[in-house]
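Novice: Build me a structure from this.
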Amino acid sequence: MDAIFVLMFMFTISQLPFGYCCSFIFDTAASALTYCSVINIALGLITMIAVSILEVPSLELVDVAEKMDYAFCIFPQYDFARGLFVLYINANIKSLCTESEENEIICELQNITYAEYV
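Specialist: Below you'll find the predicted structure:
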């Protein structure tokens, strides 16, 4: 829960300059809010989906996904979406690997790791 709070706090702090700059582009506050919301959703979804698809090992494009992940780090929307995704994956791996003793052995043999205190 602490990680999600920190992620949301940092996203809010990073969005303040973006919203301030957008306020000068548009005539009314309502249109600025609407366009900023659309831009946030589009940047967050499109970049996250693109990297997630390219990370599929069977496509053999993991190196491209890593480069795109690095390039997209300039967008706070991508960082926020990616952070939530990583927290979700870590929580699922942790619950699966600690479910039973057999699962712990399988995770250890497959070299599957997770963050313990996130």
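Novice: can you tell me the helix or strand for the residue most central in space within the chain?
Specialist: Centroid-nearest residue in the chain: Arg82, 1.0 Å away (criterion: Cα atoms, centre = their mean). Counting by DSSP states H and E, the element that carries Arg82 is helix 76-97.
Novice: burial measure for the nearest residue to the residue nearest to the centre of the chain once chain neighbours are set aside, as a count.
Specialist: Excluding its sequence neighbours, the residue lying closest to Arg82 (Cβ to Cβ, 6 or more residues apart in numbering) is Met48, at 6.2 Å. The way it works is simple: take the backbone N, C-alpha and C, and place the C-beta from them, glycine included. The burial metric for Met48, expressed as a neighbour count using other Cβ atoms under 10 Å, is 21.
Novice: Please report how far Met48 lies from Ile106.
Specialist: Computed as Cβ to Cβ, to the nearest Å, the Met48 to Ile106 distance reads 29 Å.
Novice: With Phe24 instead?
Specialist: From Phe24 across to Ile106, the span is 56 Å (Cβ to Cβ).
Novice: For those two, work out which one has more neighbours and name it.
Specialist: For Phe24 and Ile106, the more surrounded residue by other Cβ under 10 Å is Ile106, and the numbers stand at 13 against 7.
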